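Q: can't give you the sequence, but here's the structure:
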């Protein structure tokens with residue numbers, strides 16, 4: 001119902017005569033929904049602005065598979081690298097996928113978790129949001145056999161000094177080119193057969209000081225994703241880790 005000018009004037013006069021508490025109650029009673037919607041909109045706007053202002057640029061995506069990096073190591077692998085490049089750790093970061101567990105053992109009590117981790121890694125690779133992986137031997141074997149790791153000879157072919165420095169730490173592993181895994185699983189083949197090749201697709205970083213200080217009980221390997229769109233950052237990251245090794249070797253010499 002549309003009010004006349006006289007009725008609107010009467011309501012304004014009545015509102016002016018109310019106390020502060022009565023005015024507040026009146027406004028809340030008649031404008032509750034618009035106020036609530038306005039506050040929700042303001043909150044969402046502030047959250048979006050805050051997110052944009054505090055959002056860090058990801059310069060590299062890394063997954064820690066079957067290995068756990070403590071706070072000190074994580075800081076060296078993230079802020080340490082960012083600072084070494086001359087960037088601001090408050091604005092840039094190395095993104096970590098943590099708590100990833102992979103296993104080929106179907107009897108493992110963490111089998112469901114391993115399956116979920118595998119799906120997460122496949123999604124990250126497909127989205128090109130995974131550049132390097134740090135992993136134990138079991139995870140290294142799984143990634144290698146699936147062909148998920150880059151042949152490092154191709155990556156290092158343009159950097160002779162880095163290739164030479166890393167050569168004692170480069171590792172080879174088996175890559176399955178073709179097999180009859182499906183037929184074997186369906187009992188359509190009497191025995192499992194596979195065509196494989198050995199590829200240099202890992203770096204044993206266990207002897208690098210940053211990893212020695214972390215106290216890992218077994219070897220830790222670094223691998224690179226073949227579809228990474230950030231190869232310059234990958235090279236820079238490996239150089240950062242190798243520089244720590246280079247200093248240690250010079251001191252030992």
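A: Noted; the coordinates are in hand. Since we're looking at a predicted model, the values are computed, not measured.

Q: mind checking which helix or strand of this structure has the lowest mean pLDDT?
A: Taking mean pLDDT, DSSP states H and E as the measure, the chain has helix 20-54 as its least confident helix or strand, at a mean of 65.

Q: by contact count, what packs against the helix or strand following that one?
A: Going down the chain from helix 20-54, the next helix or strand is strand 57-65, by DSSP states H and E. Strand 57-65 makes packing contacts with strand 92-100, helix 111-126, strand 132-135, helix 231-252 when contacts are defined by 3 or more CB pairs under 8 Å, 6 or more residues apart in numbering; DSSP states H and E. For every residue, glycine as well, the C-beta is placed using N, CA and C.

Q: for the ones you listed, which one ends up most surrounded?
A: Most buried of the helices and strands packed on strand 57-65 by mean neighbour count (mean count of other CB atoms under 10 Å) is strand 132-135; its value is a mean of 26.

Q: can you pull out the strands in the stretch 151-253 of the chain?
A: With strands called from DSSP state E, counting those that start in this stretch, the stretch 151-253 of the chain shows them at 170-179, 194-204, 221-224.

Q: Looking at the last one now, give me its mean pLDDT.
A: Right, the one you point to is strand 221-224. What strand 221-224 shows for mean pLDDT is 97.

Q: how about that strand: buried residues?
A: Neighbour counts over strand 221-224 (16 or more other CB atoms under 10 Å) mark 221-224 as buried.

Q: tell me which of those is nearest to residue 121?
A: Nearest to residue 121, judged by CB to CB, of those is residue 223 at 11.7 Å.

Q: Please name the bridge partners of the closest one.
A: When assigned by DSSP bridges, residue 223 has beta-bridge partners residue 133.

Q: Could you list the low-pLDDT ranges of the stretch 51-200 of the chain?
A: Scanning the stretch 51-200 of the chain with the threshold set as pLDDT under 70 gives 51-55, 106-109.

Q: Swap in 50 and give it another go.
A: By pLDDT under 50, the weakly predicted segments of the stretch 51-200 of the chain are 51.

Q: Against residue 196, how distant is residue 177?
A: Separation of residue 177 from residue 196 (CB to CB, to the nearest Å) stands at 6 Å.

Q: who's more crowded, those two?
A: Higher neighbour count among residue 177 and residue 196: residue 196, with 14 against 10, using other CB atoms under 10 Å.

Q: I'd say that one and residue 172 touch.
A: No. Look at residue 196 against residue 172 with CB atoms under 8 Å: they stay out of range, at 11.5 Å.

Q: just to revisit the earlier point, tell me which of the strands of the stretch 151-253 of the chain lies nearest to residue 20.
A: Among the strands of the stretch 151-253 of the chain, the nearest to residue 20 by CB to CB is strand 221-224 (66.7 Å).

Q: roughly how far out does that closest one sit from the chain middle?
A: In terms of CA atoms, centre = their mean, to the nearest Å, the gap separating the centre of strand 221-224 from the centre of its chain is 14 Å.
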